[in-house]
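*Asks:* what's the 3D shape of this:
(chains A, B and C)
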Amino acid sequence: MPVADASRGKRAIERVGCASCHTIPGIGWPKGEAGPPLHGMAERALIAGRLANRPGILARFVRDAPALVPGTTMPAMPLSEEESRDVAAFLYESGK
Amino acid sequence: MNSETGFDPELLNRFPTSEERPKGEVEELNRIWAAPSGWARLTVVNNNYIGIFYTGTAFLFFLLAGALALVMRTQLALPLNGILPQETYNQFFTMHGTMMMFLFAVPMMEAIGILLLPQMLAARDLPFPRLSAYAFWAYFVGGLSFFASLFFGLAPNGGWFMYPPLTSITYSPGINADFWLLGIGFIEISAIAGAIEILVGVLKTRAPGMTLARMPIFAWAMLVFAGMIIIAFPAVILGTLLLEFERALNWPFFDAARGGDPLLWQHLFWFFGHPEVYIIFLPAAGLLSMMVSTFARTELVGYHLIVLAILATAFISFGVWAHHMFTTGMPDLSISFFSAASMAVSVPAGIQVFAWIATFATGRPRYNTPTLFLLGALITFVMGGLTGVMVALVPFDWQVHDSHFIVAHLHYVLIGGAVFPMFAAFYYWMGMTSSRALSERLGTWVFWLMFAGMHITFLPMHLTGLMGMPRRVYTYLPESDWMATNLISTIGAFTLGAGILLFLVDLARNFRFTVEDDAGNVYGGGTLEWLPTGLYSTRSIPVVRSRSPLWDDPNICEDVEKGRYLLPNAPTGHRETIITSPLRAEPQYLQIMPGPSPWPLLAALFTAGFFVLLTIQAYTPAVISGVLTIPCVLRWLWETDRPVAVRTADVGAGIRLPTYVTGPSTHGWWATIILLIVVFMIFLMTVFSWFFLYGIHPRLWSAPDNLLSLVPVLGGYGAAAGLLFLGRHLLARTKSTHWSPATQILLAAIALVAAFGIDLWSWRESALDPELSAQAALTFAFLSQQGLLVAITAIMALYLALRNARAMITRPRNTTFDVVFLFMLYTAGQGSVTAVLTRLAPAGFPA
Amino acid sequence: MLDGWPPPILDPAGPDAWAIATLAWVLLAMAALVLGVVLAAMWLALSGRPELRARLGGTKAIWIGGVAFPVVVLSLLLVYGLSLTRTQSAPLRGDEMRARVTGEMWWWRVAYLDQQRRPVLHDANELHIPVGRPVVLELESGDVIHSFWVPRLAGKLDMIPGRRNIIRIQADQPGVFGGQCAEYCGGPHALMGFVVVAHPQQRFDQLMRSRLARAAAASATPQAAQGARLFQSSGCAACHRIAGTPANGLAGPDLTFVGSRRTLGAGILPNNRGTMMGWIANSQAIKPENRMPPYTLLPGEDISALAEYLEAQR
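*Replies:* Next up, the predicted model:
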């Protein structure tokens, strides 16, 4: 399994447009306001208020949130498994 | 046969004289020309001071606009960068372009002209020192208020060419656009004031014997520069006026739905905007020609060709404006014409480039900081010219127009064609105004940082453009592949900035302003500005016998300093200079010049107040400020046009010149004619707009219903003209009563007011509503211009009457009288044409 | 290799763009040649051998280098340029496929026209064309001046209020060709993108047939009924039109086929559920000053339902 790469994660975030809902540190534009801002991801205890904040879980969550948290407004995103790990890595790194 | 004016040129062979000058003359000159000190220093009008204030202010705006560019480059360094929000970025690029063009480039060239020309022509000062002071202060106050709009988020954001309808009240409801329209409109007035000064100065105050063919190239360039301002600026003045009318009064000049057309603005703007580029380039090229000659240590090769090239550039530049509009869907035929003309304009540029190369090949080149800058300018400008030829080819322009390729092209042209020459000039002429020259060691660093920075910034930018990046975008998406070249450009921009910062260090260490004990001719130039000077300019005004008098006559400096040439003293006890004839520079008369005065400063403050207050919609204070301008201007004029007790004065070697002259040989007459050309050009551009809009929407135009009112209107203007001629006739007749000439002028003013009043009334009664159709809006635009002219003539007539009451109107002729006469006669003429055109034109057209 | 090489202008995908790319190479070569000549002349003038310098130092050099040389080069270029201008604006045959693209602040209104030049299909921010056939575009503006530019297909042409400009584009290979507004139009001018999608003729005909059928039929997406109701009740329908539904607003982009679009927000965002939701909830945070108000008060489930409904509009 290749190591997750934050810079690839940034490109994936830009490609699928995560920032159209979330203000994400390290992403200049857009700074979406529909979902919560993603500052300080590395320090948070929980994801979406109920999941343990671990890289594997965050990666699954960004890829298919409804599968982990039924009823969440966060939709599934068109990311590959590898990309979702990269995205998680970027969120931890930029949100220190 | 050999004389233009009847002056015997042989008389000039008496110079240099050999007898000792009496003692005390230099002290007398120093006393007369002394500048006030302390706070009163603000009232100086002498070109040594105004020139340096002017240059310094223009340079300040260069730095400020450059700082904006650095912030923008930081924003563009990376895709989706968040340094500048969209709205701020839009204000930044608008301000950067506007300031560089209107607050830096043109004023800087005028400033350098005001600083250098009197010295180069060996005049004591330019002919209208108080006008220079007014132009400077108006620019200073107006420019700073304009810049300050950025701090309030009120800066214009429509791009420096302000295309409507984006800038119309519908799409730009804030006062941001008004800041541009009123601010720039105001600075244009200042530019025109400076241009009149320079035109008359070059034509009428050259040292005796400096025929047109012996003028330094820079004087030629400034002559053409000022002439181009006179022709080109009226177009943008009219454009700003119409757009402000549209915004404030809802008159639809550019609104397609009501018979206007957005392209009218583009035509008016670029008829000014393209010549503007050459307005900036020609003086810089003139500076280059002067410096090339000095650094090659030989006469300029191809002097006549260069003069021809300057004239050809000016001529062709008025036929290329529509190449900014190749993508608007113009017909093929006009596209082909403008494409050909745009390519042709590069031929005169090629002539100048090869003339400089040929001069270097002839002489013995020297290498120093200014040489580096001028070689750098040459290479950079040639590259900008080549991309210019590329975009002159229409299909290529269709691709790169409004892309970063154009941004790169225009910066190559303007930095190579104006900024590098300016820095070369700073180093070269610093010895004229500073007691220390700038550092050669630092200068080399300044050059290489700036040169490298410039090319690192703008060379890759061509590629960014070819990659499809449009200009004026505050960000770009990562998938666009524009990051690498943008990042390089940003690094280059900071390198360029570092060079300029280093120049500031050099200035701080070495620039010490002085008028008297300057560092002098550090580089060994051959033209008159390197004569020893004091506050009064040169001790005596030399007779010019060649293009490089200092090289050809080794004694000239000493002879001038010892007072062996013309006007070694102040025979009337006032500030004075010699007015010469425009072609052969034969002495005509001694002009008495006005001294320091607070009134031009106050007039400028109130004029600026008027425009700034108008912009922030404080209408009552604006009107008060505007009205207060009038007495200030009149008060400043009051002391001018004053005959002195001495009717003729000995200017040396027994040559006597009159101290008061009237008619077409006077500097006042020339300035009035030039001002009237400006007014006429504004009118002509309105006529163009009239036919242009009619051509677009002929069906929307209707024949007016007030034909009959033509009779009283024309009658009134005719009566005014008749009264004017009668007044002039009576003035020449010594038997007429003291009051009669002035009475005729007052009556003529009343006739003008009446004729205009009837014209206005008949249009207000007619069915045409200026808010509903462009035809009516243009009619009222004509009337507004006429109203302004009539109001000015009324003030002039009262001023003349006041001077008459104080017995200041000389007979048989008087310059103030002539000025008023010309202005009123012109007003009657324009009023008549206005009345006829607005009533007859649409009906007379084929349907 | 540098990202983005070859640049789109030098990587043409249609005949007009190809002719301009050729011209661009010729011009670049010309510029390099002339610059070389000038630099060589400068070098000779400054430090050449004395006899060479002497030859350069006279008015004859100015006549040759500054007059004769540019006149010859420029005349040749002018003839080339003008003939190219003529072929590029060659008269239209009249039977080309036609579409009308209207620039709006800050998006593109697209209407496909029939042979009588009547609009038959409405869309936004995306234009589908067949490969290998010239397509005529009527360019108009709904507000201020914009400029239509898809570099790989053709040069740009302005969209000016009160005028209709005609441009011909053609793609000789299938693909997606990006473009962007080239005339500064205020606010988010930087975020006013566009895509042209070229399909092989057969695929294109299929697409048009299905779209015409979809435009004529009533909407049938029962699973998104909640979204359809919200689309009406939340005010979306006041500005947006969806064919076959009561939503008939004309101020904003037509959303009949929004689900199949490649981008959102006029060529700036990928089109997926997430970006659609983000756009609906607060497009001002994404594209400041655009004409769509933020819907921050709408609950998340509603936005989700709306996005689901819009995704189904294809």
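*Asks:* low pLDDT regions in chain B?
*Replies:* For chain B, applying pLDDT under 70 flags the ranges B:1, B:842-847.
*Asks:* Domain ranges for it, per the record?
*Replies:* B:55-510, B:667-840 (automatic domain parsing).
*Asks:* Need the winner for burial among these.
*Replies:* domain B:55-510 (a mean of 22; mean count of other Cβ atoms under 10 Å in any protein chain shown). Every C-beta, even on glycine, is put in place using the N, C-alpha and C of the backbone.
*Asks:* Check the offset of that one from the chain's centre.
*Replies:* Relative to its chain's centre, domain B:55-510 lies at 13 Å (Cα atoms, centre = their mean, to the nearest Å).
*Asks:* now do the same end-to-end measure for that domain.
*Replies:* 17 Å (Cα to Cα, to the nearest Å).
*Asks:* show me what contacts B:Leu466?
*Replies:* Shown in contact with B:Leu466 (Cβ atoms under 8 Å, 6 or more residues apart in numbering or on different chains): B:400, B:403, B:405, C:7-10, C:24.
*Asks:* Could you tell me how far it is located from chain A?
*Replies:* Look at B:Leu466 and chain A: by Cβ to the nearest Cβ, to the nearest Å, they are 24 Å apart.
*Asks:* near chain B, which residues of chain A show up?
*Replies:* With Cβ under 8 Å from any Cβ of the partner chain as the criterion, chain A comes near chain B at residues A:11, A:14-15, A:27-29, A:31.
*Asks:* Low-confidence regions, the stretch 151-300 of chain C specifically.
*Replies:* C:218-224.
*Asks:* same thing but 50
*Replies:* Low-confidence segments of the stretch 151-300 of chain C (pLDDT under 50): C:223.
*Asks:* So which bits of it are right by chain A?
*Replies:* C:264, C:269-270, C:272-275, C:277-282, C:285-287, C:294, C:296, C:300.
*Asks:* Keep only those of these that are in helices.
*Replies:* C:273-275, C:277-282, C:300 (DSSP state H).
*Asks:* Buried only: go through these for me.
*Replies:* The neighbour-count criterion (16 or more other Cβ atoms under 10 Å in any protein chain shown) marks C:273-275, C:277-282 among those as buried.
*Asks:* Nearest residue to the middle of chain A?
*Replies:* A:Val62 (4.7 Å; Cα atoms, centre = their mean).
*Asks:* Roughly how far does it sit from chain B?
*Replies:* Applying Cβ to the nearest Cβ to A:Val62 and chain B gives a distance of 19 Å.
*Asks:* Nearest to chain A within chain B, name that residue for me.
*Replies:* Chain A sits closest to B:Gly82 of chain B, with a gap of 3.6 Å, by Cβ to the nearest Cβ.
*Asks:* before we move on, the earlier item: so which of the ones in helices among the residues of the stretch 151-300 of chain C next to chain A comes closest to C:Ala41?
*Replies:* For those, the residue nearest C:Ala41 by Cβ to Cβ is C:Thr275; the value is 57.3 Å.
*Asks:* What sits closest to the closest one if chain neighbours are left out?
*Replies:* In space, and not counting its chain neighbours, C:Thr275 is closest to A:Gly17: 3.9 Å by Cβ to Cβ, 6 or more residues apart in numbering or on different chains.
*Asks:* What residues does that neighbour make contact with?
*Replies:* By Cβ under 8 Å, 6+ apart, the contact set of A:Gly17 is C:264, C:269-270, C:272, C:274-275, C:278.
*Asks:* For it, grab phi and psi.
*Replies:* phi 80, psi 40 (degrees, to the nearest 10).
*Asks:* roughly how far apart are it and B:Ala284?
*Replies:* 48 Å (Cβ to Cβ, to the nearest Å).
*Asks:* and the gap between C:Pro12 and B:Leu288?
*Replies:* C:Pro12 is 40 Å from B:Leu288, by Cβ to Cβ.
*Asks:* Can you give the distance of the helix or strand harbouring B:Arg764 from its chain's centre?
*Replies:* Per DSSP states H and E, B:Arg764 falls inside helix B:740-765. Relative to the centre of its chain, helix B:740-765 is centred 33 Å away, using Cα atoms, centre = their mean.
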